[in-house]
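K.L.:
Generate coordinates for the sequence data below:
(one chain, ligands or ions: 2)
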Amino acid sequence: MSLRLCILGSGSRGNAAIVRTDRACLLIDAGLGIRALKSRLAARDMALDDVDALIVTHTHGDHLRSSAITACTNHRILMYNHAANEAVIAARYPRFRELAERRLNATFDCAPLAIDDIAVRAVPVPHDADGATVALIIERRDGEERQRIAFATDLGRVPNELLDVFADSDVLVLEFNHDVDMLRNSKRTAYLKARVNGTSGHLSNAQAVAALRTLIARSRRPPLAVVPAHLSRECNTPRLVGGLVNDVLRKHGAHKTRVVMTSQDRPTEWLDIRAMRGQPSLF
Ligand SMILES: [Zn+2]
Ligand SMILES: [Zn+2]
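P.N.:
Residues are numbered from 1 along each chain as shown. Ligands and ions are numbered 1, 2, ... in the order given. Sure, this is the predicted structure:
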């Protein structure tokens, strides 16, 4: 039995990821258009009917599309929002009403949430969305064995508490949004540059590198995989981020840690925690 992750798409034009075991399947954010969502699920042998629940990290449009709410209604997917976001979503998305009428909406706060054999814990992070923005710790326990994914894609800075709870994760999904110099030299407006670079905007490569260093130092063992996410198309490149992450891993002797780059346009491969540990996956 294994916890598996696939990032279906990542970036300012739409975000979605799948986390599954053989008993439960969660969609984390639904900011891709419905056609892209379906085709990327199909590319990984999945369909919307396989999804049990949608967990929405925050209220920005690149993480929740109106069409996704209709998809939840049609495919009976339970949609979980942070309690602070339910009113924002109800006001902003007219299609939420039908979902709520069918009792397919639920809320979470900082208490752990259990969806069959997957436990999800939300940690608030600073970001400029209306309502709350959360990072997630997604875990599956099997007796003594624990499989854990740490997931943080939209945050202006990394709170110390987040580093504490993210330590010792098997897979680390972390925002590497922009290179500060590329952002400064970009054609973006001064307002947008200040927003992205502010403490409630997005993580720069330098911030993410500092967080990764601290996390590895606080962990008993390095993660099996680092998954850089939400890369800016204009102000970053996968090659730059890959180089930075590999540098940190090399300096910490984490030679076995894989770096799995996300893309706006393509799903990643399945990251299977048991298989990455070298154990047989019983899927
Ligand atoms: Zn975003
Ligand atoms: Zn956002």
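
K.L.:
all contacts plus neighbour counts: C-alpha atoms, from now on.
P.N.:
Will do.

K.L.:
what does the least confident helix or strand in the chain by mean pLDDT rub up against?
P.N.:
For the chain, using mean pLDDT, DSSP states H and E, the weakest element among its helices and strands is helix 190-197, scoring a mean of 91. By CA atoms under 8 Å, 6 or more residues apart in numbering, the list of residues contacting helix 190-197 from outside reads 156, 180, 183-184, 201-204.

K.L.:
what does the helix or strand just after that helix contact?
P.N.:
On the C-terminal side of helix 190-197, the closest following helix or strand by DSSP states H and E is helix 205-218. Helix 205-218 is contacted from outside by 157-158, 163-164, 166-168, 174-180, 222-223, 241, 244-245, 248, 252, using CA under 8 Å, 6+ apart.

K.L.:
returning to what we had before: looking only at the least confident helix or strand of the chain, what residues are buried by neighbour count?
P.N.:
Judged by neighbour count (16 or more other CA atoms under 10 Å), helix 190-197 contains these buried residues: 193, 195-197.

K.L.:
do the same with stretch 43-55
P.N.:
Burial within stretch 43-55, assessed by neighbour count using 16+ other CA under 10 Å, is assigned to 48, 50-55.

K.L.:
One more: stretch 9-26?
P.N.:
Counting neighbours by 16+ other CA under 10 Å, one finds that the buried residues in stretch 9-26 are 9-21, 24-26.

K.L.:
That one: end-to-end distance?
P.N.:
Using CA to CA, to the nearest Å, the end-to-end distance of stretch 9-26 comes out at 15 Å.

K.L.:
Can I get the buried residues of helix 190-197 in JSON lines including distance to Asp128?
P.N.:
Formatted as JSON lines, the buried residues of helix 190-197 follow (distance: CA to CA, whole Å):
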{"residue": "Lys193", "distance to Asp128": "14"}
{"residue": "Arg195", "distance to Asp128": "8"}
{"residue": "Val196", "distance to Asp128": "10"}
{"residue": "Asn197", "distance to Asp128": "12"}
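
K.L.:
related to what we said a few turns ago, please tell me which one of the contacts of helix 190-197 counts the most neighbours.
P.N.:
Greatest neighbour count in the contacts of helix 190-197, by other CA atoms under 10 Å, goes to Leu203: 31 neighbours.

K.L.:
Next up, phi/psi of that residue, please.
P.N.:
Comment: the main-chain dihedrals of Leu203 come out as phi -70, psi 130, following degrees, to the nearest 10.

K.L.:
contacting residues around it?
P.N.:
Under the criterion of CA under 8 Å, 6+ apart, the neighbours of Leu203 are 154-157, 175-178, 197.

K.L.:
These in helices, which ones?
P.N.:
The members of the contacts of Leu203 that map onto helices under DSSP state H are Asn197.

K.L.:
and which of the contacts of Leu203 is nearest to Glu145?
P.N.:
When the contacts of Leu203 are compared for distance to Glu145, the smallest value, 27.3 Å, is given by Glu175; criterion: CA to CA.

K.L.:
how close does the nearest residue to Asp168 once chain neighbours are set aside get to Arg274?
P.N.:
For Asp168, the nearest residue in space outside its immediate sequence neighbours is Ser219; the separation is 4.7 Å by CA to CA, 6 or more residues apart in numbering. In this view, Ser219 and Arg274 are 19 Å apart by CA to CA.
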